[in-house]
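okay, here's the prediction I keep looking at, along with the sequence it came from:
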Amino acid sequence: MKKEEQFYLYLILSHVAIGIGIFVVPFAAKLYGYSMFLVGAYFVIKTQNRNNEALMAAAYIAGAEVLLRMTGGNISYEFSKYGVMFFILMGMYFSGFSKGATPYWLFLLLLVPGVVISSFVLNFDTNIRKTIAFNISGPVCLAVTSLYTYRRKISLEQMNSLLLCIGLPILSCAVYLTLYTPNVRDVITGTQSNFETSGGFGPNQVATFLGLGMFIFFSRIILESRSKFMLILNLIIALNISFRGMVTFSRGGMITGFLMIVLLLSFLYLKSNFRGKVKLHYIMVVIALAMMVTWTYTSVQTGGLIKNRYANQDAKGREKPNQFSGRGDIAATEIDMFLDNPVFGVGVAKGAEVREVVTGNFAVSHDEVTRMLAEHGSFGIVGLLILIITPLVLYLENKFNMFLLCFVAFWFLTINHAAMRTAIPAFVYSLSLLNVQLGGIRK
């Protein structure tokens, strides 16, 4: 076994051990949360961010967020968002921020009116500072990280390492979930999102991370499996994460991860020569067969209910009237708020309070797009256009960035079903702005 393979196996086994350790000794989650922050800061300072170590540390914290939340290992609930921004600011200190990142300075400015308005209109008994910070931290995290990554040159090897930094704590999460619910047959009784198979935490957030983890390890099958050992190891990991993601019965994250795989394969196929296309044919067949086996196994383990879930049916096979679990109603109220307040919106975090007055139910938004419209008005529209158009312009400049469209798709699809409650959509979006150099970077 080569040294490279030994090191990779060590990383994998160590993160399997982390998942086991946190399950056996719950307090280990706290040690894990604090240590990733301290160790990351140590390496960034030691290396002075010569090889984007700050971005690597931020990637690891972003990937660990859902594991830390479900096990109580985070320093605070929003630890990952602030942790990501902390390391990115460290990276800026040592390496500066990207020149020409004007769109993201403008995006930050567009958030200000909504914050100012909310400080005047939020209910008297609302903790204004905490509520605003909770709702605005996601967009701010995206903007700050994008200021660092915008057109920053990075090698393909470094990009794969970045994705691995995200994927390793997701592997630990999958191991933890396996131990938390070893026999899924005992807890699958219907087709609703399942908290038991999600570690007792929100299935929507858990499936978002597992779907991304599925993509990361399938991408390693394609790009980083130079031997049969590496291919088999990555395939085993990818299929296990896929299974744990599907049994959460939360569809959004898994569908998003699958679409990312399709986008990556399509890109590589279109850009490959004849020999490359032949190799990709074999990889596609392997992945397709593996996914079919995983789906069949999941169907057996869930008594066929997983098929009903993805067909939008209940346990008896009857079609559900609303496939969005009430999220469509929330989005509709936010569109109404925008129409009533088209210029400045109702203010950050005010949407939930307005919704409670109108409908009698206090519910936070799952859709960042309609939330931006409702709470930021026309400024929110301009902000969203900046976020959508900028990476697409960069794609026209560098059409060999194989991950760009995958990352933008992940961000956009994720914020439509899970808003920006976690740091991962913001961080992954920022990775789409990197200038990936296929031939490495000249020093």
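Perfect, thanks for sending it.

for the stretch 151-300 of the chain, which segments count as strands?
153-155 (DSSP state E, counting those that start in this stretch).

tell me where it has helices.
156-180, 203-223, 228-246, 251-271, 274-301 (DSSP state H, counting those that start in this stretch).

quick one: low-confidence ranges for this protein?
321-326, 439-443 (pLDDT under 70).

in it, where's the longest helix?
helix 368-397 (DSSP state H).

OK, contacts around Leu111?
Ile136, Pro139, Val140, Ala143, Val348, His376, Phe379, Gly383 (C-beta atoms under 8 Å, 6 or more residues apart in numbering). (Glycine included, C-beta is placed from N, CA and C.)

quick check, nearest of those to Ala64?
Of all these, Val140 has the smallest distance to Ala64: 20.0 Å, by C-beta to C-beta.

check whether that closest one really touches Leu108, as I assumed.
Yes - under the criterion of C-beta atoms under 8 Å, Val140 makes contact with Leu108 at 7.2 Å.

between those two, which one's more packed in?
Neighbours were counted for Val140 and for Leu108 using other C-beta atoms under 10 Å; Val140 has more, 19 against 16.

got the angle for the helix or strand where that one lies vs helix 368-397?
Using DSSP states H and E, Val140 sits in helix 128-149. In terms of direction (axes from the mean of the first three to the mean of the last three C-alpha atoms, to 10 degrees), helix 128-149 departs from helix 368-397 by 10 degrees.

now do helix 128-149: which elements does it pack against?
Applying 3 or more C-beta pairs under 8 Å, 6 or more residues apart in numbering; DSSP states H and E, one finds that helix 128-149 makes contact with helix 53-71, helix 79-95, helix 102-121, helix 368-397, helix 424-431.

and the angle for the second one with helix 424-431?
For helix 79-95 and helix 424-431, the angle between their directions (the same axes, to 10 degrees) works out to 20 degrees.

helix 79-95 packs against which elements?
Going by 3+ C-beta pairs under 8 Å, 6+ apart, helix 79-95 lies up against helix 28-47, helix 53-71, helix 128-149, helix 424-431.

just send the ones you listed back as TSV, with distance to Leu270 too.
TSV is the format used below for these (distance: least, C-beta to C-beta, whole Å):
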stretch	distance to Leu270
helix 28-47	37
helix 53-71	28
helix 128-149	25
helix 424-431	21
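
so which of those gets nearest Gln192?
Using C-beta to C-beta, the nearest of the helices and strands packed on helix 79-95 to Gln192 is helix 53-71, at 18.5 Å.

what distance separates the closest one from the centre of its chain?
10 Å (C-alpha atoms, centre = their mean, to the nearest Å).

show me what it is packed up against.
By 3+ C-beta pairs under 8 Å, 6+ apart, helix 53-71 packs against helix 3-24, helix 28-47, helix 79-95, helix 128-149, helix 156-180, helix 203-223, helix 424-431.

just list the residues touching Glu65, thanks.
Asn74, Phe79, Ser80, Phe209, Thr422, Ala423, Ile424.

for stretch 42-52, buried residues please.
Val44, Asn49, Asn52 (16 or more other C-beta atoms under 10 Å).

hmm, the last one is touching Gln158, no?
Yes - because the distance of 6.4 Å satisfies C-beta under 8 Å, Asn52 is recorded as touching Gln158.

before we move on, the earlier item: point out the most buried one among the helices of the stretch 151-300 of the chain.
helix 203-223 (a mean of 26; mean count of other C-beta atoms under 10 Å).
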